[in-house]
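any chance you can model this:
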Amino acid sequence: MVDAVDLLARAVLIGTGATVVMDVWGMVRKRLLGIPPLDYTLVGRWLGHLASGRLRHDRIAASPRVAGERAIGWAAHYLIGIGFAGALLAIFGLGWARQPSIAPALIVGIGSVAAPFLVMQPAMGAGIAASRTPRPWAARLQSLLTHAVFGVGLYAAGWITRLLLHP
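Next up is the predicted model:
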């Protein structure tokens with residue numbers, strides 16, 4: 001029971017921290033490169049429609065708005081980050097959280113790109129791995145970089161959490 005509570009607390013802290021790192025990367029990328037971050041309102045819209053039984057959209061931006069979609073999208077963004085941190089801890093154990101290393105964090109971070117490539121982008125009308133976007137390879141590269149940054153965030157948040165909670 002103590003390990004389960006420890007795992008949950010660490011997953012929340014590490015996932016939240018890694019997601020913040022990812023969001024800061026999005027702001028830096030926008031400022032330096034002019035590339036806008038994902039609009040999590042559209043994620044909320046997709047989830048709102050999913051709750052009423054609609055999985056796929058031709059273009060999520062053209063789909064009807066959903067009440068609370070911005071809040072739903074942002075909450076989902078952070079809950080997904082926490083979920084991937086939980087997966088990291090489930091796969092590599094609490095030992096990783098007590099002595100974080102970069103490779104497992106990058107494996108999970110980069111591996112998490114499968115979620116948008118295979119689920120969210122196709123369901124939101126962008127096709128598998130952004131194949132229906134104007135510049136698919138540019139979109140894929142940006143997704144891959146963002147998820148690698150999330151992996152670095154998992155590692156950094158793992159160390160900060162270790163210092164806060166002690167091994």
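
check which helices and strands the lengthiest helix in the chain sits against.
The residue-count maximum for a helix in the chain (DSSP state H) belongs to helix 2-33. Counting contacts by 3 or more CB pairs under 8 Å, 6 or more residues apart in numbering; DSSP states H and E, helix 2-33 is packed against helix 69-92, helix 94-98, helix 136-165. Placement of C-beta: from N, CA and C, glycine included.

kindly export the second one (C-alpha atoms) in CSV.
Taking C-alpha atoms only, helix 94-98 is exported to CSV below (Å, rounded to 0.1, in the frame of the first residue of the first chain):
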residue,chain,number,x,y,z
LEU,A,94,10.2,3.0,-8.1
GLY,A,95,13.9,2.3,-8.2
TRP,A,96,14.0,4.6,-11.2
ALA,A,97,12.2,7.4,-9.2
ARG,A,98,14.7,7.0,-6.4
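
quick one: list the elements packing against that helix.
Helix 94-98 packs on helix 2-33, helix 69-92, helix 136-165, going by 3+ CB pairs under 8 Å, 6+ apart.

out of those helices, which is closest to residue 109?
Proximity to residue 109 (CB to CB) singles out helix 136-165 among those, at 2.0 Å.

wait, residue 128 sits on residue 116?
No - using CB atoms under 8 Å, residue 128 is not in contact with residue 116, being 10.3 Å away.

if you count surrounding residues, which of these two has more?
residue 116 (23 against 12; other CB atoms under 10 Å).

so what's the more buried one up against?
residue 143 (CB atoms under 8 Å, 6 or more residues apart in numbering).

sorry, back to before: redo the helices and strands packed on helix 94-98 as TSV? Include mean neighbour count and mean pLDDT.
TSV is the format used below for the helices and strands packed on helix 94-98 (neighbours: other CB atoms under 10 Å; pLDDT from 0 to 100):
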stretch	mean neighbour count	mean pLDDT
helix 2-33	17	94
helix 69-92	18	98
helix 136-165	19	96
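
and residue 120, how many neighbours?
Residue 120: 18 neighbours (other CB under 10 Å).

hang on, the earlier thing: could you dump the helices and strands packed on helix 94-98 into TSV with distance to residue 42 added?
Converted to TSV, the helices and strands packed on helix 94-98 look like this (distance: least, CB to CB, whole Å):
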stretch	distance to residue 42
helix 2-33	14
helix 69-92	7
helix 136-165	14
